[in-house]
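S.K.: with the sequence up front, the predicted model follows.
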Amino acid sequence: MAPYLPSAAAAAGRADFATIAPWIARNARVLDLGCGDGSLLGYLARERGATGYGIEIDDAGVLACIGNGVNVLQSDLESGLAGFDDASFDCVILSQTLQAMRHTEDIVNEMLRVGREAIVTFPNFGHWTHRLQILRGRMPVSSSLPYQWYDTPNIRVGTYADFEVLARKTGLAVTDSFGLQAGRVVRRWPNLLASVAVFRFEQR
């Protein structure tokens, strides 16, 4: 089966794909946690020659990966990554999934056990539009947080600044971080001005 290559339109719809790609070494082994339909792995295979696996719990996502020729394992991330040896991958990615994890510290530590470096992206609850909605007495709804409070799969409402605190607490060496807003990189006041947070880190 031919490798899955997402359309340009699909790739353009996720600005973090293009942001993550330059961090991935040519021909790197990548593990994509919560991979959905495998679009990110497909994109990295095309742009960087990357190989590896995705992990997805949802049946529809697993079937989509298989149909798209993306290597996928069906598993619950909350149970850890015990099936993988230490340093099995060059990079482990958790893209737009951190907010749905119950055991955040555990998964971050596991990412750095099986990978030499890690990348996370997640909706930044601290974005000014989210703050404004809270001041109006409502839970935020936006392109980065598209669900209503009663049907959201998200169980965490962390901010860019919150992850900085977690990184210090758990001894992560953040090698780069910034925000994304409407596809643009935001390095000045990202906790306020960016709707998506992006962190690249490794062990100290």
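M.R.: On my side now, so go ahead.
S.K.: and the strands in the protein, which stretches?
M.R.: Assigned by DSSP state E, the chain shows strands spanning 29-33, 51-56, 72-74, 89-95, 115-123, 172-181, 184-186, 196-203.
S.K.: what packs against the first one?
M.R.: This points to strand 29-33. For strand 29-33, the contact count by 3 or more CB pairs under 8 Å, 6 or more residues apart in numbering; DSSP states H and E identifies helix 39-48, strand 51-56, strand 89-95, helix 104-114 as packing neighbours. In this view, the C-beta of every residue, glycine as well, is placed from N, C-alpha and C.
S.K.: now swap in the third one and tell me
M.R.: Identification of packing neighbours for strand 72-74 by 3+ CB pairs under 8 Å, 6+ apart yields strand 51-56, helix 59-67.
S.K.: so which bits of it are buried?
M.R.: Of the residues in strand 72-74, Val72 count as buried by neighbour count, 16 or more other CB atoms under 10 Å.
S.K.: for that strand, what is the average pLDDT?
M.R.: The average pLDDT for strand 72-74 rounds to 95.
S.K.: distance check, the residue of the chain positioned farthest from its centre against Thr129.
M.R.: For the chain, the largest distance from the centre (CA atoms, centre = their mean) belongs to Arg136, which lies 29.4 Å off. As judged by CB to CB, to the nearest Å, Arg136 and Thr129 stand 11 Å apart.
S.K.: what sits against the residue nearest to Val108 when sequence neighbours are not counted?
M.R.: In this structure, Val108 finds its nearest non-sequential neighbour in Thr170, 6.4 Å apart by CB to CB, 6 or more residues apart in numbering. With contacts defined as CB atoms under 8 Å, 6 or more residues apart in numbering, the neighbours of Thr170 are Glu105, Val108, Asn109.
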